[in-house]
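J.: A structural model of the following input is requested.
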Amino acid sequence: MRLLRAALLTSLVAAGSAYVRAETVPYDHMHLAAPDQAKAVEWYQRMFGGQPTREGKDRLLFGHTRFIWLKSATAQPSAGSTIDHIAFSVPDVDAKMKELAAAGVAVIPPVREMSGGMRLGVVEDPWGARIEVLQDRDRLGFHHVHLRAPDPQAALSWYQQRFGGERATLKGGVEGLKYGEMLVLVQKAETAPAASAGRALDHVGWASRTSTRRFRVSRGSRSCRIRRSCSWRPARSASRSSRTRTARRSRSCNAEGRTLNSESGQ
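T.: Coordinates of the predicted model:
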C-alpha cells in the first residue's frame, strides 16, 4: 500500500478551485516525534489504550489509524504549528483528566464545556504533543486531528480535492472532513502557523488505493515525481541536505512544496 503523507501547506490551499473532489481514501497514520520511541509507545498505550502492531515496535494502532514515532531529540511542541493537536474521546472526561493529572501529565486548562454540550480538557504528552481529551460517546478512541490555517475553507477544499472525505462539523462548530470514524478539523489561525516538520506532531498520512496515481511536488523550477510516497511539508522544513538523504534512503520525496499537481500514469 502506497502511503501519501500530507503535510499542511497553508500557502498551497488557495488554488483549490482547479481540482475536482477526489474519491475518499482511508486516513492512515499520524507521525509523531520523541527521543525514545519505546517510551512514547509505552506511554500512549498506557494512557490511551493503543494496540501493538507487527509492523514494528515504534508504532501503535488506534482503531484503523497507526501512530508512528520518529526518533528525534529536538522536536518542538505541536502548539502553534499547522498540526496543533490530536484528540481522544473517552466515556468520562472528568475521570480521565483526574487519572492523567495523577500520573503527572501536564494539564493545560481545566475541563470545560463547549457550545454544543461537549466537555473537554487539554493535556500535553512528555514530548510536546498537545492532546485534547473529550467526551463524545458516539465516537470513542482516536477522534480527530486539529489543523490550523488562515483560510479553513480553502484548506478543507485542498484536502477534499486530493483525499476525498465527507464534510462534517464537530459539536461546537469546528468544520472538518470525516474519514471513517475519525475527523480532520481545520480552525482559523489569525497568523500563518509554523511548519509542522520538526514538531512533536510531524505530519499526517493517507493511504492510496490507486496504484497508478502519482504526484508531482514542485518548488519553482524544481520538481520530483513520486511513485511510492511523498511528504508535503510547509516552507520552513528540513535542510536541503537532510531532504536529499531522506529521499535516497526511503525512495520518497520530502519537499518544500508550493504547488501540487496530480496526474495519472504508470
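
J.: Residue ranges in the stretch 101-250 of the chain under the pLDDT threshold?
T.: 115-116, 172, 209-250 (pLDDT under 70).

J.: How are the helices of it distributed by residue range?
T.: Along the stretch 101-250 of the chain, counting by DSSP state H, counting those that start in this stretch, helices occupy 152-163, 240-250.

J.: tell me which residues in the longest one are buried?
T.: Put plainly, it is helix 152-163. Of all the residues in helix 152-163, those buried under the rule 16 or more other CB atoms under 10 Å are 152, 154-163. Bear in mind the C-beta positions are built from the backbone N, C-alpha and C, glycine included.

J.: other SSEs contacting the helix or strand hosting Pro52?
T.: Per DSSP states H and E: Pro52 is located in strand 51-53. Applying 3 or more CB pairs under 8 Å, 6 or more residues apart in numbering; DSSP states H and E, we find strand 51-53 packed against helix 37-48, strand 56-62.

J.: mind running it again at 10 Å?
T.: Where contact means 3 or more CB pairs under 10 Å, 6 or more residues apart in numbering; DSSP states H and E, strand 51-53 is packed against helix 37-48, strand 56-62, strand 65-71.

J.: pLDDT (mean, whole number) over that strand?
T.: Mean pLDDT, strand 51-53: 93.

J.: Show me what it pairs with in its sheet, parallel or antiparallel.
T.: Its sheet considered, strand 51-53 pairs with strand 56-62 (antiparallel) by DSSP bridges.

J.: In PDB, list the C-alpha atoms belonging to stretch 146-155.
T.: Presented in PDB, the C-alpha positions along stretch 146-155 are these (Å, rounded to 0.1, in the frame of the first residue of the first chain):
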ATOM      1  CA  HIS A 146      -6.900  19.500  14.600                       C
ATOM      2  CA  LEU A 147      -5.200  21.700  12.000                       C
ATOM      3  CA  ARG A 148      -4.900  25.500  11.800                       C
ATOM      4  CA  ALA A 149      -4.900  27.600   8.600                       C
ATOM      5  CA  PRO A 150      -5.500  31.200   7.700                       C
ATOM      6  CA  ASP A 151      -8.400  30.100   5.400                       C
ATOM      7  CA  PRO A 152     -10.100  27.000   6.800                       C
ATOM      8  CA  GLN A 153     -12.500  26.600   3.900                       C
ATOM      9  CA  ALA A 154      -9.700  26.700   1.300                       C
ATOM     10  CA  ALA A 155      -7.700  24.200   3.400                       C
END
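
J.: going forward can the numbers begin at 35, since that is how I track them
T.: Okay, using 35 as the starting number, the last item reads as stretch 180-189.
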